[in-house]
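Participant: Build the 3D model from these lines:
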Amino acid sequence: MVNSTSVLLQPALGDWASQNRQGREMADALVQRMISEENPLLLGRMLSSFYSGGEHAGVKTGFVQQLAEKLMTSRI
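Facilitator: Model prediction:
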């Protein structure tokens, strides 16, 4: 389960590529949670917590990039 509060308390792991992968994995987990709970508001909460503090640039970039790529391949 993705918890937006605990995400920023965890240190970013490794180099840029590792952090980017960590962000992508978090995005996948959040999408699954949003679907299972039928709660799209979780994305707003996660983004708000992401950009209100902490550096974790690689993690943030990977997270947003993964969501963007998934949106481009989804059927609307």
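Participant: Just name the shakiest helix or strand of the chain by mean pLDDT.
Facilitator: Using mean pLDDT, DSSP states H and E, helix 4-7 stands out as the lowest-scoring helix or strand of the chain, at a mean of 50.
Participant: wait, doesn't residue 70 sit right on residue 24?
Facilitator: No. Between residue 70 and residue 24 there is no contact under CB atoms under 8 Å: 9.9 Å. C-beta coordinates here come from the backbone N, C-alpha and C atoms, glycine included.
Participant: Mind checking which of those two has more residues around it?
Facilitator: residue 24 (20 against 13; other CB atoms under 10 Å).
Participant: Would you agree the more buried one is in contact with residue 66?
Facilitator: Yes. Counting by CB under 8 Å, residue 66 is a contact partner of residue 24 at 4.1 Å.
Participant: other SSEs contacting the helix or strand harbouring residue 72?
Facilitator: Counting by DSSP states H and E, the element that carries residue 72 is helix 57-73. Packing partners of helix 57-73 (3 or more CB pairs under 8 Å, 6 or more residues apart in numbering; DSSP states H and E): helix 16-37, helix 41-50.
Participant: Kind regards, and thank you for your time.
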